[in-house]
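S.K.: what's the 3D shape of this:
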Amino acid sequence: MSKWTTADMPDLTGRVAVITGANTGLGFETASALAERGAEVVLACRDRGKAEAAADRIRANASRAAIDTAELDLGSLASIRDAATAISSRHSHIDLLINNAGVTGLSGTTEDGFEVQFGINHLGHFALTGLLLDRITAAGAARVVTVSSIGHRFGRIDPDDPAAPIGNAYGKSKLANLLFTYELDRRLADTSAMALAAHPGGASTDVFRYSPAAFRLPNLAIARLFGRTPAMGALPTLRAATDPNAAGSEYYGPSGLFEIQGYPALVRSSHASRDDRLQGRLWEASERLTGVKYPAKADAN
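M.R.: Below is the predicted model of the structure:
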């Protein structure tokens with residue numbers, strides 16, 4: 001299956017999929033593809049109006065698609081709790097949670113005082129996943145797919161203080177996404193759910209909209225040069241979410257040179273991302289910072 005595409009996706013009728021940042025870019029393409037295969041999709045977005053507009057666009061191509069929306073600001077723990085409560089009240093199970101939303105190039109802190117990229121890209125998704133975990137484990141063979149980046153290779157996390165600002169903030173947040181995925185998958189080992197990760201390669205999306213021109217323009221130029229549309233960039237996420245042969249702790253990305261272009265395949269993440277001790281330290285810090293407690297590790301394994 002060297003050229004895996006949406007044509008390889010199985011029927012998803014009866015499945016519920018929650019996608020963060022689903023009103024644009026990779027998230028929108030992911031939600032559209034899942035809806036077209038029969039899944040009921042929940043567009044979890046910061047702007048409810050944009051989420052509703054995205055839902056209308058999806059329905060235009062899949063008239064029978066079941067679309068729900070939820071207002072979610074990943075930079076606010078209060079908003080995350082409200083969104084998780086709303087989603088849980090309407091859905092008894094969640095088969096797919098796609099932690100897709102992300103920002104880069106922003107400075108400052110979140111509503112709760114966290115460095116903004118780490119706070120939104122990692123801590124927000126950590127909290128949301130934990131608050132929806134009972135709905136995830138209630139589904140048969142559920143998957144949590146977190147979208148990382150090639151940039152994780154340039155990230156560093158201090159094991160003594162995982163939340164401390166250090167080096168490349170975006171790279172740090174994307175490394176955190178992978179550390180979270182691998183630890184979460186271990187904690188799901190005694191359930192039918194699993195956690196995987198993906199990255200889009202070079203894709204022209206809104207994630208760079210706040211970046212300085214010196215960073216944004218070369219990335220967009222690379223994406224256009226290699227034809228990396230958001231639809232192509234979403235394929236690794238879709239494969240991680242739906243390929244019947246995918247397994248927990250796997251990481252999918254483009255199969256081409258430097259993982260910038262090509263069709264989705266299994267790829268390798270950095271050595272740092274596979275550090276069990278760092279995974280555990282980040283997990284402990286994330287629970288403390290967000291106030292979201294997962295089941296004890298001894299109970300999950």
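
S.K.: ranges for the helices of the stretch 1-150 of the chain?
M.R.: When assigned using DSSP state H, counting those that start in this stretch, the helices of the stretch 1-150 of the chain occupy the ranges 25-36, 48-61, 77-90, 116-118, 125-131, 133-137.

S.K.: what angle do the second one and helix 25-36 make?
M.R.: Pointing back at helix 48-61 there. Here helix 48-61 points in a direction 40 degrees away from that of helix 25-36 (axes from the mean of the first three to the mean of the last three C-alpha atoms, to 10 degrees).

S.K.: give me the buried positions along helix 48-61.
M.R.: The neighbour-count check on helix 48-61 (16 or more other C-beta atoms under 10 Å) flags 50-51, 54-55, 58 as buried. Using the backbone N, CA and C atoms, a C-beta is placed for each residue, glycine as well.

S.K.: among the helices of the stretch 1-150 of the chain, which comes closest to Ser255?
M.R.: helix 25-36 (17.6 Å; C-beta to C-beta).

S.K.: same list, the buried residues of helix 48-61, but as a markdown table with pLDDT and distance to Glu284 please.
M.R.: Listed next are those as a markdown table, based on pLDDT from 0 to 100; distance: C-beta to C-beta, whole Å:
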| residue | pLDDT | distance to Glu284 |
| --- | --- | --- |
| Lys50 | 97 | 35 |
| Ala51 | 98 | 33 |
| Ala54 | 98 | 36 |
| Ala55 | 97 | 38 |
| Ile58 | 97 | 39 |
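
S.K.: now the residues you listed in JSON lines, with distance to Thr20?
M.R.: Shown next, in JSON lines, are those (distance: C-beta to C-beta, whole Å):
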{"residue": "Lys50", "distance to Thr20": "13"}
{"residue": "Ala51", "distance to Thr20": "11"}
{"residue": "Ala54", "distance to Thr20": "12"}
{"residue": "Ala55", "distance to Thr20": "15"}
{"residue": "Ile58", "distance to Thr20": "16"}
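
S.K.: mind picking the two most distant members of those residues?
M.R.: Lys50 and Ile58 (12.8 Å).

S.K.: can you pull out the low-pLDDT segments for the stretch 51-200 of the chain?
M.R.: Residues of the stretch 51-200 of the chain that meet the criterion pLDDT under 70 are absent altogether.

S.K.: strands of that one, start to end?
M.R.: Taking DSSP state E, counting those that start in this stretch as the criterion, the stretch 51-200 of the chain contains strands spanning 67-71, 96-99, 143-147, 194-198.

S.K.: including mean neighbour count and distance to Ala17, could the ones you listed go into TSV?
M.R.: As requested, the strands of the stretch 51-200 of the chain are exported to TSV (neighbours: other C-beta atoms under 10 Å; distance: least, C-beta to C-beta, whole Å):
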stretch	mean neighbour count	distance to Ala17
strand 67-71	19	10
strand 96-99	29	4
strand 143-147	28	9
strand 194-198	27	14
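
S.K.: okay, the ones you listed in TSV with distance to Trp283 next?
M.R.: Written out in TSV, the entries for these read as follows (distance: least, C-beta to C-beta, whole Å):
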stretch	distance to Trp283
strand 67-71	25
strand 96-99	15
strand 143-147	14
strand 194-198	12
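
S.K.: distance check, the most centrally placed residue in the chain against Ala198.
M.R.: Taking C-alpha atoms, centre = their mean as the criterion, Asn99 is the residue nearest the geometric centre of the chain, at 2.4 Å. Distance of Asn99 to Ala198, given as C-beta to C-beta, to the nearest Å: 10 Å.

S.K.: and Arg268, how many neighbours?
M.R.: The burial metric for Arg268, expressed as a neighbour count using other C-beta atoms under 10 Å, is 10.

S.K.: what's the answer for Ala164, then?
M.R.: 12.

S.K.: contacts only, for it.
M.R.: Shown here is Ala164, whose contacts under the criterion C-beta atoms under 8 Å, 6 or more residues apart in numbering are Asp158.
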